[in-house]
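**Q** Mind folding the following:
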Amino acid sequence: MNIGRAIAAVVVTLAAVGAVLACGDTRLAFDAPAGADHPDAGDAGAFEPPSGSADAGTVGAASGVYLLHAASFPAFRLCFERYPELRPQPDQTVMPRANVVGVEVGSVVRIGSLERPPGKVFVIMQRKLPAAPGDTGGRPCGELLASGDLTPNLEYHEAGELTEPLGVGHVSVLGITGCGGKAILDSLEIPSSNCGAGWDVTAGSLRTRTLTLVPSVPATRSSLPVQVVHMSPLLESTRGQNEHIEVSFGALVASAGRLAQDVVSAPPLFEASAPVALTLDQTSEATYGTHGFRIAVQSVDDGAPPSFTVTQSLAEIQELSSPQTVPTTYYLAASNYVLLLLGDPQITRTLPDGGTNGDYDRRRAVHLLAVPVKDTTDAGEPTALDDASASER
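**A** Numbering: from 1, shown residues only. Below is the predicted model of the structure:
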């Protein structure tokens, strides 16, 4: 069966744009083709590495791929046209608070490098591909897509084509953005008005966005090097002409004002902000509950209250980013961190009348994820099915 004819293609032109911090370019931009439905150098300071660190200066080399779910689509797994031998990815990492593998809405999963250009990217509903960690069976992508068992533009969508390897000699973010088709949006109770121009009733508007992450200096007991990547078109679309998004860090107190340390102001959509070094006391476990980030849509007029604001503690961000870990070790990896800004500002904990929102979903609401650029999963390709597993199908 010809896979290309089985799918109503979403026409996407993608160009992965990398940057090297040492050369002074800190934008690390996503591609933004003409007609896209949404608009598209800091000093890291001096860092003292944590006790036992093997590197007193820089993080060193890193590789691998972060799969990011920033779309109006159910939990998914990905297949790649030029990797027909691979099982859908991820093939081992479980979703938060679940025992099945996949990438949950508003979440991120790390896999190994993709050393060949992936080609077309197929976004498949995770519930159609149930698998538990340790499973060695299951059909590889080529066989799965050719079988006709999955319905195009319903149980899977095409999200564009990638013409360069990912995560080889650096870390890549592969973000899935946009919306599924009408049937999928109806099942999620998401209005198509959220999807912007370019959305198609049948094919939706899913697309891939890639970003190159560069390792720099490691976190220490007194500092946390971070860089924000703005991945929320819905938050961007809510700000008025005289408003901008800003993120600040510090002690979380009753006051709704800007926190003590500025992280970023007016971050461009689908780009990485300049890196900053946050000051905090990582020798105290209490810090992770008392300190965190404030995300606000703020008027440029002095004294005007923000039209939107939400706060997250470091502990809350860790639990959303990597629930199998704990903050006392998660934020002390020998790495710099990327803060992924995601979510829909219309999803709030309270209703307009002040009541509690029973449908509140913190992974669909505006939130940050924090991920280390260098991780223990660095290097290596995703594992293909071995001969023994293939013979069991």
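**Q** the strands in the stretch 51-200 of the chain, which residues?
**A** In the stretch 51-200 of the chain, the strands defined using DSSP state E, counting those that start in this stretch lie at 64-72, 76-80, 108-111, 119-125, 156-162, 171-179.
**Q** Which strands border the last one, and is each parallel or antiparallel?
**A** Going back to what we said before, that points to strand 171-179. Strand 171-179 has the following sheet partners, assigned by DSSP bridges: strand 64-72 (parallel), strand 207-213 (antiparallel).
**Q** average pLDDT for that strand?
**A** What strand 171-179 shows for mean pLDDT is 96.
**Q** could you point out where the stretch 251-393 of the chain is predicted with low confidence?
**A** Residues of the stretch 251-393 of the chain meeting the criterion pLDDT under 70: 254-256, 302, 350-360, 377-393.
**Q** What segments of it are strands?
**A** Secondary structure of the stretch 251-393 of the chain (DSSP E, counting those that start in this stretch): strands located at 261-265, 276-279, 291-299, 308-313, 337-342, 367-372.
**Q** still on that earlier bit, just put the strands paired with strand 171-179 in a markdown table and tack on mean neighbour count, distance to Glu236 and mean pLDDT.
**A** C-beta: built from backbone N, CA, C; applies to glycine. Formatted as a markdown table, these follow (neighbours: other CB atoms under 10 Å; distance: least, CB to CB, whole Å; pLDDT from 0 to 100):
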| stretch | mean neighbour count | distance to Glu236 | mean pLDDT |
| --- | --- | --- | --- |
| strand 64-72 | 25 | 12 | 96 |
| strand 207-213 | 25 | 14 | 95 |
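**Q** Select, out of these, the one closest to Glu246.
**A** Glu246 lies closest to strand 64-72 among the strands paired with strand 171-179, at 20.1 Å (CB to CB).
**Q** ok now the closest one, how far from the chain's centre?
**A** Averaged C-alpha coordinates place strand 64-72 at 4 Å from its chain's average position (CA atoms, centre = their mean, to the nearest Å).
**Q** Could you check the angle it makes with strand 156-162?
**A** Angle between the axes of strand 64-72 and strand 156-162 is 130 degrees (criterion: axes from the mean of the first three to the mean of the last three CA atoms, to 10 degrees).
**Q** Nearest approach to Ala370 belongs to which of the strands of the stretch 51-200 of the chain?
**A** Counting by CB to CB, Ala370 lies closest to strand 108-111 out of the strands of the stretch 51-200 of the chain; the figure is 9.7 Å.
**Q** partner strands of the closest one, parallel or antiparallel?
**A** Take DSSP bridges as the rule and strand 108-111 pairs in its sheet with strand 64-72 (antiparallel).
**Q** which residues does the closest residue to His69 other than its chain neighbours bridge with?
**A** Spatially, and ignoring its direct neighbours in sequence, His69 is nearest to Val103 (4.6 Å; CB to CB, 6 or more residues apart in numbering). For Val103, the beta-bridge partners are Phe76 (DSSP bridges).
**Q** Next one: Val103 from Leu78, what distance?
**A** Val103 sits 8 Å away from Leu78, going by CB to CB, to the nearest Å.
**Q** Overlap in contacts, these two.
**A** Jointly contacting Val103 and Leu78 under the rule CB atoms under 8 Å, 6 or more residues apart in numbering are Leu67.
**Q** For Asp200, see how far away the residue most central in space within the chain is.
**A** What sits nearest the mean C-alpha location of the chain, by CA atoms, centre = their mean, is Leu68, with 3.5 Å. As for Leu68, its distance to Asp200 is 23 Å (criterion: CB to CB).
**Q** of the strands of the stretch 51-200 of the chain, which approaches Gly148 most closely?
**A** With CB to CB, the closest approach to Gly148 among those belongs to strand 156-162: 11.8 Å.
**Q** what's the angle from that closest one to strand 119-125?
**A** Using the same axes, to 10 degrees, strand 156-162 lies at 150 degrees relative to strand 119-125.
**Q** quick check: mean pLDDT across strand 156-162?
**A** For strand 156-162, mean pLDDT is 97.
**Q** pLDDT weak spots in the stretch 1-150 of the chain?
**A** By pLDDT under 70, the low-scoring segments of the stretch 1-150 of the chain are 1-59.
**Q** what comes up buried for stretch 116-127?
**A** For stretch 116-127, a neighbour-count test (16 or more other CB atoms under 10 Å) marks 118, 120-126 as buried.
**Q** Gly64 is in contact with Leu114, isn't it?
**A** No - using CB atoms under 8 Å as the test, Gly64 is too far from Leu114 to be in contact (9.5 Å).
**Q** Now the common contact residues for these two.
**A** Common neighbours of Gly64 and Leu114 (CB under 8 Å, 6+ apart) are Gly167.
**Q** quick revisit: and the residue nearest to the centre of the chain, what is it in contact with?
**A** 103, 107-108, 173-176, 231, 340.
**Q** between the residues you listed, which is closest to Thr163?
**A** Of the contacts of Leu68, the one sitting nearest to Thr163 (CB to CB) turns out to be Leu174, at 13.2 Å.
**Q** and the residue lying closest to Ala266 once chain neighbours are set aside, helix, strand or coil?
**A** Sequence neighbours aside, His244 is the residue nearest to Ala266 in space, at 3.9 Å (criterion: CB to CB, 6+ apart). State at His244, reduced to three classes by DSSP: H, G, I helix; E, B strand; the rest coil: strand.
**Q** Many thanks, we can stop here.
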